[in-house]
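1. only geometry, no sequence info:
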């Protein structure tokens, strides 16, 4: 006889072992007309890994594998790590860029002494425009991401489509972060060209002293090194710059989720899930 999902607490108690506690997820996975729930068994000394039971209890093994990962991913996405990225995008860390851009547009780009540098100055303006737009895009995407998390938490249910929204949000934001970082790296390189020009013209004093000092800071090797260190967290730079936006988003999603599929592989599921179909798989 098939047990109803609402019996998960009672079922979990039947499968509980000595010195274990039970944590029943409040969230229900909806797949068409089917609803799935998860109970987590763990030792009193640690909640790390443990074992699992899903309802309906007679769910087939192949379906269990999919459901298992959906719950694991939900746990990860509900941690809302994008909030830290949004906090960064919402703070005025790029104000120095914007002041630098304003000085270029309002004063230098039309100044006769900078006529030979116009192309580099225009490129610098475009690059800083990109950084500003990237930060705005991150904040916009995060609003959708946070709204979806809040909806799941409020209603205590989720679907494959809901997870896809969360996956896309993380993939898109991380892809934007990579493009933004790559752009900041280019800003450092253009700043060196601008600095070289200023040095050649002796424009490190007088009315251009402030602009010179800002350019010098932006051109420092340490500035680019810090950017490179951040970019390393997002994968191989040379590979990433060759990818289309869609390809980069997909790669960022895989990068974010890869540890789960490595640590929690099929062998882990076969050892840790207590549904009969999984145990039968182990007996084969």
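-> That came in fine, so what should we check first? All figures in this text were calculated on a predicted structure; none of them were measured in a lab.
2. can you tell me the closest non-neighbouring residue to the residue positioned nearest the centre of the chain?
-> Among the residues of the chain, the one closest to the centroid is residue 170, at 3.7 Å (Cα atoms, centre = their mean). Across the structure, with Cβ to Cβ, 6 or more residues apart in numbering as the measure, the residue nearest residue 170 apart from its sequence neighbours is residue 256 (5.4 Å). Glycine gets a C-beta too; all of them are placed from N, C-alpha and C.
3. hang on, that neighbour in a helix?
-> Yes. The assignment for residue 256, made by DSSP: H, G, I helix; E, B strand; the rest coil, places it in a helix.
4. check contacts around it.
-> The neighbourhood of residue 256, defined by Cβ atoms under 8 Å, 6 or more residues apart in numbering, consists of 170, 171, 174.
5. go ahead and confirm the last one touches residue 255.
-> So the one you mean is residue 174. Yes. Applying Cβ atoms under 8 Å, one finds residue 174 in contact with residue 255, separated by 7.5 Å.
6. so which elements touch the helix or strand hosting residue 123?
-> Here residue 123 is covered by helix 118-155, with elements defined by DSSP states H and E. When contacts are defined as 3 or more Cβ pairs under 8 Å, 6 or more residues apart in numbering; DSSP states H and E, helix 118-155 sits against helix 61-78, helix 82-90, helix 95-103, helix 160-200.
7. residue 181 contacts residue 233, correct?
-> No. The pair residue 181 and residue 233 fails to qualify as a contact (Cβ under 8 Å) at a distance of 9.5 Å.
8. which one's more surrounded, the two?
-> Taking neighbours as other Cβ atoms under 10 Å, residue 181 and residue 233 compare with residue 181 leading, 23 against 11.
9. for residue 94, see how far away residue 132 is.
-> Taken as Cβ to Cβ, to the nearest Å, the spacing of residue 132 relative to residue 94 amounts to 7 Å.
10. now do residue 115
-> In this view, residue 115 and residue 94 are 28 Å apart by Cβ to Cβ.
11. which one of those two has more residues nearby?
-> Neighbours around residue 115 and residue 94, counted as other Cβ under 10 Å, are more numerous at residue 94. The numbers are 19 against 9.
12. what's the pLDDT at that one?
-> Per-residue confidence at residue 94 stands at 75 (pLDDT).
13. wait, what's in contact with it?
-> 131, 132, 135.
14. neighbour-wise, which of the residues you listed leads?
-> For those, the largest neighbour count, defined by other Cβ under 10 Å, is 21 neighbours, found at residue 135.
15. for that residue, which non-adjacent residue is closest in space?
-> Spatial nearest neighbour of residue 135, excluding adjacent residues (Cβ to Cβ, 6+ apart): residue 89 at 4.4 Å.
16. what's the neighbour count on that neighbour?
-> 23.
17. contacting residues for it?
-> When contacts are counted by Cβ under 8 Å, 6+ apart, residue 89 is found next to 135, 136, 138, 139, 142.
18. what distance do you get for the nearest residue to the last one once chain neighbours are set aside to residue 112?
-> Using Cβ to Cβ, 6+ apart and skipping the chain neighbours, the partner closest in space to residue 142 is residue 86 (4.0 Å). Here the distance between residue 86 and residue 112 works out to 43 Å (Cβ to Cβ).
19. cool, and residue 224?
-> From residue 224 over to residue 112 (counting by Cβ to Cβ), the distance is 31 Å.
20. looking at the two, which is more packed in?
-> More neighbours sit around residue 224 than around the other of residue 224 and residue 112, counting by other Cβ under 10 Å; the figures are 19 against 5.
21. tell me the mean pLDDT over the helix or strand where the more buried one lies?
-> With elements taken from DSSP H and E, the one containing residue 224 is helix 221-232. Average pLDDT, helix 221-232: 94.
22. number of residues surrounding residue 31?
-> By other Cβ under 10 Å, the residues close to residue 31 number 13.
23. and the gap between it and residue 145?
-> According to Cβ to Cβ, residue 31 stands 22 Å off from residue 145.
24. and for residue 90?
-> Separation of residue 90 from residue 145 (Cβ to Cβ): 14 Å.
25. these two - which one has more neighbours?
-> Each of residue 90 and residue 145 had its neighbours counted (other Cβ under 10 Å), and the higher figure belongs to residue 145 (24 against 12).
26. I'd guessed the more buried one sits against residue 167; true?
-> No. Residue 145 is beyond contact range of residue 167, at 10.1 Å (criterion: Cβ under 8 Å).
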